[in-house]
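In: Got a predicted structure plus its sequence, pasted below:
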Amino acid sequence: MALMDFIKKQFIDIIQWTESGDGTLAWRFPMAEMEIQNGASLTVRESQMAVFVNEGQVADVFGPGMYKLTTQTLPVLTYLKNWDKLFESPFKSDVYFFSTRQQVDQKWGTPQPITIRDKDFGAVRLRAFGNYSFRIGDPKLFHTEISGTRDIYSVADLDGQLRGLVLQNISNAIASSGLPFLDLAANQIQFATALASQLVPEFEKIGIKLENITVQNVSLPEELQKILDQKIGMGMVGNDMGKFMQYQTAQAIPKFAEGAAGGSGIAGDAMGLGAGVALGQVLAQNLAQGLSPNAAAQAAATTQQPAVAVVSAADVMTTLEKLGELKTKGILTQEEFDAKKAELLKKLV
């Protein structure tokens, strides 16, 4: 009797999987040296699918439900083994369960800025991050392409692959959306839709269905953000260089006060502030002359100062350095820089 009990324990008559926690995508039923009893019960719960693999080949895929495993319900296995329909001996196969519920709040982001082509700024380096959710859509394809014969395959095992696919398709998504960089932040839903359209076919290649993806933030690196802020400042004053220099000078006054209070770098701050004021005066005068042909004559009639102001070489060099920085940042064009440079050098003659 004891021998018969031992033999019976080698046959599996109930096959099922109850998930013990989150994050498991695939789980292989532990067979050891046991065999499945012909007529055994297979239970596949909602949010699960089961795959039978016999001698390295996928024999059948079962959706949610309860099944009695016989040679009639496994026709593919019957064909592979050439079993007769009346054959009632146990059989040995591997059974894999797959979780088909959504895996939510998966993070993605750009670890380093990525370079994209923008119609307003040319080449732009940006950062972006958000989250997405997915589920297994094709367990057979996922088994053959990703999870294989592992006992357990988790979300963490797949995370790096999916993140890589997201980053790989960001540039194409931005290009297909047709949105310039300045509009991306205000149209994150449209950007996310374009990104999803790029990712859906890539995820399907490995048996994954992308359910949702969000873009939570799009930003520039700090040094580029400063240049963008200056361009925005120029736009706020109507691209008036004189007003912009007044704005820049006003911004520099608190920094100058902080430097003076700290007792360090006062001379340098004073020189920078003086150069900014001088530059603002020069640009404002030139703008006024350009707008009013009689401005020069009126200025000569109302002032007793000499026609040519006395400017030291040090002031000219400092102003040229400031102009060079504005040209480098894209605020001044090369033509504007050359014109101001020639005008300043005349004052030294």
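Out: Okay, I see it.

In: List the neighbouring strands of the longest strand along the chain plus their orientation.
Out: Longest strand of the chain, by residue count under DSSP state E: strand 122-136. Partners of strand 122-136 in the sheet, by DSSP bridges, are strand 103-109 (antiparallel), strand 114-118 (antiparallel), strand 208-219 (antiparallel).

In: between those strands, which gets nearest to Arg163?
Out: Minimum separation from Arg163 across those (CB to CB) falls at strand 103-109, 5.4 Å. Backbone N, C-alpha and C define where each C-beta goes, glycine included.

In: For the strands paired with strand 122-136, which has the smallest mean pLDDT value?
Out: With a mean of 80, strand 114-118 has the lowest mean pLDDT of those.

In: neighbouring contacts of that strand?
Out: With contact meaning CB atoms under 8 Å, 6 or more residues apart in numbering, strand 114-118 is reached by Ala123, Val124, Arg125, Leu126, Arg127, Leu167, Ile170, Ser171, Ile174, Ala175, Pro180, Phe181.

In: circling back to that earlier point, let me see the mean pLDDT of the longest strand of the chain.
Out: For strand 122-136, the mean confidence score works out to 89.

In: next SSE after it?
Out: The helix or strand immediately downstream of strand 122-136 is helix 139-142, counting by DSSP states H and E.

In: Tell me which residues are up against that following helix.
Out: For helix 139-142, contacts defined as CB under 8 Å, 6+ apart pick out 25-26, 49, 51, 58, 61, 96, 98, 100, 136, 206-208.

In: Adjacent strands (with direction) for the helix or strand containing Asp60?
Out: Remark: Asp60 resides in strand 57-62, with elements defined by DSSP H and E. Sheet pairing of strand 57-62 (DSSP bridges) gives strand 48-54 (antiparallel).

In: Just the buried residues of the longest strand of the chain, please?
Out: Residues of strand 122-136 classed as buried by neighbour count (16 or more other CB atoms under 10 Å): Val124, Leu126, Ala128, Phe129, Gly130, Tyr132, Phe134, Arg135, Ile136.

In: got it, and stretch 98-109?
Out: Phe98, Ser99, Thr100, Gln103, Gln106, Trp108.

In: Redo those as a markdown table? Include distance to Lys347.
Out: Converted to a markdown table, these look like this (distance: CB to CB, whole Å):
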| residue | distance to Lys347 |
| --- | --- |
| Phe98 | 80 |
| Ser99 | 78 |
| Thr100 | 78 |
| Gln103 | 70 |
| Gln106 | 63 |
| Trp108 | 57 |
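
In: any weak-confidence spans in this structure?
Out: In the predicted model, the chain carries pLDDT under 70 at residues 1-11, 32-34, 71-92, 221, 223-225, 227-313, 348-349.

In: Just give me the closest of the buried residues of strand 122-136 to Ile189.
Out: Nearest to Ile189 among the buried residues of strand 122-136, with distances taken as CB to CB, is Gly130, at 11.1 Å.

In: contacting residues around the closest one?
Out: Going by CB under 8 Å, 6+ apart, Gly130 touches Lys107, Trp108, Gly109, Ala192, Ile213, Thr214, Val215, Gln216, Asn217.

In: One more pass at 6 Å, please.
Out: Neighbour list for Gly130: Thr214, Val215, Gln216 [criterion: CB atoms under 6 Å, 6 or more residues apart in numbering].

In: can you give me the helices in the chain?
Out: Counting by DSSP state H, the chain has these helices, from start to end: 2-9, 75-81, 139-142, 155-177, 181-184, 188-204, 222-236, 241-262, 266-291, 295-301, 313-328, 334-346.

In: buried residues in the last one?
Out: To tie it back to what came earlier, the one meant is helix 334-346. Across helix 334-346, burial judged by 16+ other CB under 10 Å covers Glu336, Phe337, Lys340, Lys341, Leu344.

In: likewise the third one?
Out: Taking 16+ other CB under 10 Å as the basis for neighbour counts, the residues of helix 139-142 that come out buried are Pro139, Lys140, Leu141, Phe142.

In: and that helix, C-alpha only, in PDB?
Out: Provided in PDB are the C-alpha atoms of helix 139-142 (Å, rounded to 0.1, in the frame of the first residue of the first chain):
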ATOM      1  CA  PRO A 139       2.400  34.900 -24.100                       C
ATOM      2  CA  LYS A 140       3.600  32.500 -26.700                       C
ATOM      3  CA  LEU A 141       5.700  35.200 -28.400                       C
ATOM      4  CA  PHE A 142       6.900  36.500 -25.000                       C
END
